[in-house]
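Chemist: sequence plus the predicted model coming up.
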Amino acid sequence: MGIQIGAKPDSGFDDPLGMLTDCHRRIERFLDVLCLVADRATGRAMTDEETAAVQASLQYFRVGGQRHNADEEESLFPRPRESSARDKFNEIHALLSDHQDANHLHGTVEKLYEKWVSAGTLELKDQGELLSVTQRLKRLYTEHIQMEEQVVFPRAAKLLTSDAIHAIGQEFRARRELSSPDAELGSTASSAPSSAPLPAPS
Ligand SMILES: [Fe+2]
Ligand SMILES: [Fe+2]
């Protein structure tokens with residue numbers, strides 16, 4: 001179990017729903033960086049601090065964000081859907097669609113930020129698109145996370161047996177061992193940017 005000083009300890013593999021919820025907090029904080037810089041650095045070059053924070057956030061979504069989707073799509077969602085309560089999990093279709101929409105938006109955000117970093121500035125049209133797309137991502141994730149944490153996860157917690165929870169935790173572990181040495185739990189590379197090198201919002 002990873003420990004963060006002054007913060008609630010990360011959930012462990014014995015609590016995969018807790019791990020997913022922890023990951024949502026990281027998603028929110030890295031997404032905040034992408035939204036904040038798109039807004040505050042409009043019309044100028046990013047500072048070195050902003051560039052570093054943006055690159056850390058983009059990397060988080062490439063690795064931790066994609067793994068979070070795999071945790072849900074391959075380990076969590078299929079179990080309730082196969083159960084007798086399958087009809088109660090229609091929300092999952094909408095959540096899967098959100099994952100696809102978010103991936104598409106992340107692709108645009110990545111392309112525009114890379115252009116900004118490499119060219120030093122961003123044309124007005126691209127700047128407007130980046131602002132718009134980061135705000136769309138923010139709205140998407142807000143509603144998506146709310147549905148997962150308030151409806152789907154609590155229902156799964158009631159429905160899944162302890163054996164199923166254990167199996168999901170083991171799949172999460174295997175996914176982290178396979179994908180990257182800097183696993184989600186206790187990882188510095190994918191930890192939320194609570195100390196991101198960004199100046200405080202003005
Ligand atoms: Fe999700
Ligand atoms: Fe999620």
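Modeler: Looks like it came in fine. Ligands and ions are numbered 1, 2, ... in the order given.

Chemist: list the residues that contact Asp76.
Modeler: Residue 76: Leu, not Asp. 16-17, 20, 156, 168 (C-beta atoms under 8 Å, 6 or more residues apart in numbering). (Glycine included, C-beta is placed from N, CA and C.)

Chemist: would you list the residues you listed in TSV and tack on neighbour count, secondary structure and distance to Arg26?
Modeler: Output for these, formatted as TSV (neighbours: other C-beta atoms under 10 Å; DSSP: H, G, I helix; E, B strand; the rest coil; distance: C-beta to C-beta, whole Å):
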residue	neighbour count	secondary structure	distance to Arg26
Pro16	27	helix	15
Leu17	20	helix	15
Leu20	23	helix	11
Ala156	24	helix	20
Ile168	23	helix	19
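
Chemist: which of those residues scores worst on pLDDT?
Modeler: Within the set of the contacts of Leu76, pLDDT is lowest for Ala156 (93).

Chemist: so it sits against Leu20, correct?
Modeler: No. Taking contacts as C-beta atoms under 8 Å, Ala156 lies outside contact range of Leu20: 9.7 Å.

Chemist: residue ranges for the strands of this structure, please.
Modeler: Taking DSSP state E to define them, one finds no strands in the chain.

Chemist: quick revisit: name the nearest of the contacts of Leu76 relative to Asn103.
Modeler: Nearest to Asn103, judged by C-beta to C-beta, of the contacts of Leu76 is Leu20 at 17.6 Å.
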